[in-house]
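Peer 1: Provided below for reference: sequence and predicted model.
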Amino acid sequence: MDAKIVATRPFDGQRPGTSGLRKKVKVFRQPGYLENFVQAIFDTRADLEGGMLVLGGDGRYYNRQAIQVILRMAAANGVSEVLVGRGGILSTPATSCIIRKYRTQGGIILSASHNPGGPDEDFGIKFNTPNGGPAPETVTEAIYARTGEIDNYRTLEAADLDLDRLGEVKLGDTRVKIIDPVADYADLMESLFDFTAMRRLFDSGAFKMRFDAMHAVTGPYAREILENRIGATPGTVMNGEPLEDFGKGHPDPNLAHAKELVAMTKGENGLDFAAASDGDGDRNMVLGKDFFVTPSDSLAVLAANAQHAPGYKDGIAGIARSMPTSQAADRVAEALGIPCFETPTGWKFFGNLLDAGRITLCGEESFGTGSDHVREKDGLWAVLFWLNLLAARKQSVAEIVKEHWQGFGRNYYTRHDYEAVEPQAAGDLMDHLHRLLPDLPGTKFGNYQVEYADDFAYTDPIDGSRSEGQGVRVGFQGGSRIIYRLSGTGTEGATLRVYLEFFEADAARHDQETQEAMRPLILIARELAQIETRTGRTEPNVIT
Ligand code: VG1
Ligand code: CO
């Protein structure tokens, strides 16, 4: 088996976004495209030579081919051992768990998360550092810089390996171990949560639950944990077979894309608990009977109830939330007397705080919740945390959340996305907002008076690194906010995200329909940014 050096050329725009490099499969299939990015990882991460690497993906189209390419390149670049999930499967949180448990020099995850999969859809690749978390900006920038100067990559002449058989094989001098993708992760979950109490919930026979894996990566994980280890009725996990095109679905657990599941929670015979996860298993949606828990509320409720789960029985050190996430968690932190950090969008910004022990829980409005057990957001973890809570408090999802609102007030929350907007128009809209910012404070829009308006910037409290241009924030008196950001994960045109938050302390007003309660703020947001005139859109195409 000979190592060979293949001449290549740089490709434009291999800059990783919010969560790695995401492009159409067709882009990734250009000769040398994937190879360039992978070689740039090896060139900038010197300790991978002679070190260990974890490798897997969400099972989408092109996952298996990409794994073979990366394995040959890892061998040619002198990696001593690669741990690969059987069938090429590893969820994002499981990868994080395995990197940490076996102290590897990092991991490569192949996923475009919640974006659709298939020959005409999306693919993605991200590098995680030895702490198990997404590469911070310094690392992704170094990788990106390298992709711009690269002129060759290293690979081996070797046949494809069998990814479906557990065990160890040699590829050149490299040991390739095909590992069970689920076991280590399931053990970790069992160490954090009270599986016995959850089993009792299911044994009672009265508790009805479904977990929708959306034909993405979490199927095998959810079956092992919920059905095999906890004892939920077989069939609790639906759409549990990972498929290359996710069954032509959109593996994004939200009210728009998990309609079938949402419908199952409605009415007399509705499920007591329903949950879903995304393509790579790091997102979660939590539903009760006739009840949707916003991800922002979920973070706040879990923080306020953490002591019910064995893994957090001694309390939590602090909380962090991404800037657009509602301020519900801030109120909990205040009540607990612990710090609450506001970070830019993207899980990589939680890494230093978690590593330093400053926070235990963190979350994003985009259906991401997690803790210091790994360094990624973790869909099934959040679902198990909720199950633990239901078992411990012996109340319904709605009862728990409504009680929470009574104690802390309700942060009504919604996100309006305008997808595939013409990039120039989206950029101009943001420029327009930036120009408005200095004059906004003090301005009144109906009952809403602007308290502050800025372009969010963040200085990491641990390493002092600075991130600017992280979204426009308009804060109103009384705690309401409007936030505007352009997505960093889309692959078609630009996506404008408008995040809206409205605080209501009065418990008598906690039962309003969200879009209705937020209507005045929604209209202010549209007018301020001139969304219709600048994008031609009268309504968002996704509301979550
Ligand atoms: C989106 C979300 C962000 C999340 C990111 C990755 O990014 O808003 O909160 O961290 O996706 O999630 P953006 O830049 O499109 O708004 V995942 O599940 O793709 O790893
Ligand atoms: Co994801």
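Peer 2: Done, it's in. Ligands and ions are numbered 1, 2, ... in the order given.

Peer 1: now whichever residue of the stretch 251-400 of the chain sits closest to ligand 1, what's its secondary structure?
Peer 2: Among all residues of the stretch 251-400 of the chain, residue 366 sits closest to ligand 1, at 3.5 Å; criterion: Cβ to the nearest ligand atom. Backbone N, C-alpha and C define where each C-beta goes, glycine included. With DSSP: H, G, I helix; E, B strand; the rest coil as the basis, residue 366 sits in coil.

Peer 1: And it, its phi and psi?
Peer 2: phi -80, psi 40 (degrees, to the nearest 10).

Peer 1: contacting residues around it?
Peer 2: Counting by Cβ atoms under 8 Å, 6 or more residues apart in numbering, residue 366 makes contact with 283, 295, 322, 345, 415.

Peer 1: Now, those residues that are in strands?
Peer 2: 322, 415 (DSSP state E).

Peer 1: With respect to residue 384, which of the contacts of residue 366 is nearest?
Peer 2: residue 283 (14.5 Å; Cβ to Cβ).

Peer 1: what's the burial count for the closest one?
Peer 2: A count of nearby residues for residue 283, using other Cβ atoms under 10 Å, gives 29.

Peer 1: and what of the one 10 residues further on?
Peer 2: Applying other Cβ under 10 Å, we find 24 residues neighbouring residue 293.

Peer 1: swap in residue 424?
Peer 2: Residue 424 - counted by other Cβ under 10 Å - has 11 other residues nearby.

Peer 1: show me what contacts residue 343?
Peer 2: Applying Cβ under 8 Å, 6+ apart, the residues near residue 343 are 320-323, 349-350, 353, 362, 458.

Peer 1: quick check, nearest of the contacts of residue 366 to residue 472?
Peer 2: residue 345 (12.5 Å).

Peer 1: Run a quick check on the closest one versus residue 322, I expect a contact.
Peer 2: Yes - assessed by Cβ atoms under 8 Å, residue 345 is found in contact with residue 322 at 4.8 Å.

Peer 1: So for residue 403, what's the nearest residue that isn't a sequence neighbour?
Peer 2: Once flanking residues are discounted, residue 403 sits nearest to residue 395: 7.7 Å by Cβ to Cβ, 6 or more residues apart in numbering.

Peer 1: Please report the distance of the one you found from residue 361.
Peer 2: 21 Å (Cβ to Cβ, to the nearest Å).

Peer 1: Give me the lowest-pLDDT entry from the contacts of residue 343.
Peer 2: For these, the weakest pLDDT value sits at residue 349, with 94.

Peer 1: thought that one was touching residue 325?
Peer 2: No - if you go by Cβ under 8 Å, residue 349 and residue 325 don't touch, sitting 11.8 Å apart.

Peer 1: Please parse the protein into its domains.
Peer 2: 3-181, 185-408, 410-543 (automatic domain parsing).

Peer 1: So which of the ones you listed is nearest ligand 2?
Peer 2: domain 3-181 (3.2 Å; Cβ to the ion).

Peer 1: neighbours of the closest residue to ligand 1 within the stretch 51-200 of the chain, just the number please.
Peer 2: Residue nearest to ligand 1 within the stretch 51-200 of the chain (Cβ to the nearest ligand atom): residue 113, separated by 2.8 Å. As a burial measure, residue 113 scores 26 neighbours (other Cβ under 10 Å).

Peer 1: just residue 436 next, same as before
Peer 2: Should you count by other Cβ under 10 Å, residue 436 turns out to have 16 residues around it.

Peer 1: And the one 4 residues further on, by the same measure?
Peer 2: Burial measure for residue 440: 18 neighbouring residues, criterion other Cβ under 10 Å.

Peer 1: likewise residue 197?
Peer 2: 19.

Peer 1: can you pull the contacts of it?
Peer 2: So residue 197 contacts 388, 391-392 (Cβ under 8 Å, 6+ apart).

Peer 1: So what does residue 28 look like in phi/psi?
Peer 2: Per degrees, to the nearest 10, the backbone of residue 28 is at phi -60, psi -30.

Peer 1: coming back round to it: which one of residue 395 and residue 361 has more residues nearby?
Peer 2: residue 361 (27 against 14).

Peer 1: Quick check, the more buried one in contact with residue 371.
Peer 2: Yes - applying Cβ under 8 Å as the test, residue 361 and residue 371 come out as touching, 5.1 Å apart.

Peer 1: Report the set of residues contacting both of those two.
Peer 2: Counting by Cβ under 8 Å, 6+ apart, the residues touching both residue 361 and residue 371 are residue 312.

Peer 1: Where do the helices of the stretch 51-200 of the chain begin and end?
Peer 2: With DSSP state H, counting those that start in this stretch as the criterion, the stretch 51-200 of the chain has helices at 63-76, 92-101, 137-147, 183-192, 195-203.

Peer 1: Give me the contact list for the third one.
Peer 2: What that stands for is helix 137-147. 10-11, 14-16, 36-37, 39-41, 43-45, 127, 129, 135, 348, 465, 467.

Peer 1: make it 6 Å
Peer 2: 10, 14-16, 36-37, 40-41, 43-44 (Cβ atoms under 6 Å, 6 or more residues apart in numbering).

Peer 1: buried residues in that helix?
Peer 2: Judged by neighbour count (16 or more other Cβ atoms under 10 Å), helix 137-147 contains these buried residues: 137, 139-140, 143-144, 146-147.

Peer 1: Sort those by pLDDT and name the bottom one.
Peer 2: residue 137 (88).

Peer 1: For residue 99, see how far away it is.
Peer 2: From residue 137 to residue 99 the distance is 19 Å (Cβ to Cβ).

Peer 1: do the same with residue 111
Peer 2: 15 Å.

Peer 1: Give me the more crowded residue out of the two.
Peer 2: Under the neighbour definition other Cβ under 10 Å, residue 111 and residue 99 were set side by side, and residue 111 has more, 33 against 27.

Peer 1: tell me the contacts of residue 426?
Peer 2: Residue 426 sits next to 486, 494, 496 when contact means Cβ under 6 Å, 6+ apart.

Peer 1: Are we agreed that it is in a helix?
Peer 2: Yes - under three-state DSSP, residue 426 sits within a helix.

Peer 1: coming back round to it: quick one: which of the contacts of residue 426 is nearest to residue 210?
Peer 2: residue 496 (33.1 Å).

Peer 1: State the three-state secondary structure for that closest one.
Peer 2: Looking at residue 496 with three-state DSSP, the answer is strand.

Peer 1: Correct me if wrong: it contacts residue 418.
Peer 2: Yes - the criterion here is Cβ atoms under 6 Å, and residue 496 meets it with residue 418 at 4.3 Å.

Peer 1: got the residues of this protein near ligand 1?
Peer 2: Neighbours of ligand 1 within the chain, by Cβ under 6 Å from any ligand atom: 18-19, 113-114, 278, 282-283, 322, 345-347, 364, 366, 368, 487-489, 497.

Peer 1: go again using 8 Å as the cut-off
Peer 2: Along the chain, the residues adjacent to ligand 1 under the rule Cβ under 8 Å from any ligand atom are 17-20, 22, 92, 111-115, 126, 134, 278-280, 282-283, 322, 324, 345-347, 364-368, 376-377, 485-490, 495, 497.

Peer 1: Any quick PyMOL command for the buried ones out of those?
Peer 2: Remark: buried members of the residues of the chain next to ligand 1, expressed as a PyMOL selection using 16+ other Cβ under 10 Å:
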select buried, resi 17+18+19+20+22+92+111+112+113+114+115+126+134+278+279+280+282+283+322+324+345+346+347+364+365+366+367+368+376+377+485+486+487+489+490+495+497
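
Peer 1: can you give me the helices for the stretch 251-400 of the chain?
Peer 2: 259-264, 295-304, 328-336, 351-355, 379-393, 397-408.

Peer 1: Dump these to CSV, plus mean neighbour count.
Peer 2: Formatted as CSV, those follow (neighbours: other Cβ atoms under 10 Å):
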stretch, mean neighbour count
helix 259-264, 16
helix 295-304, 26
helix 328-336, 20
helix 351-355, 22
helix 379-393, 25
helix 397-408, 17
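
Peer 1: which ones are touching residue 525?
Peer 2: If you count contacts by Cβ under 6 Å, 6+ apart, then residue 525 has 482, 498 around it.
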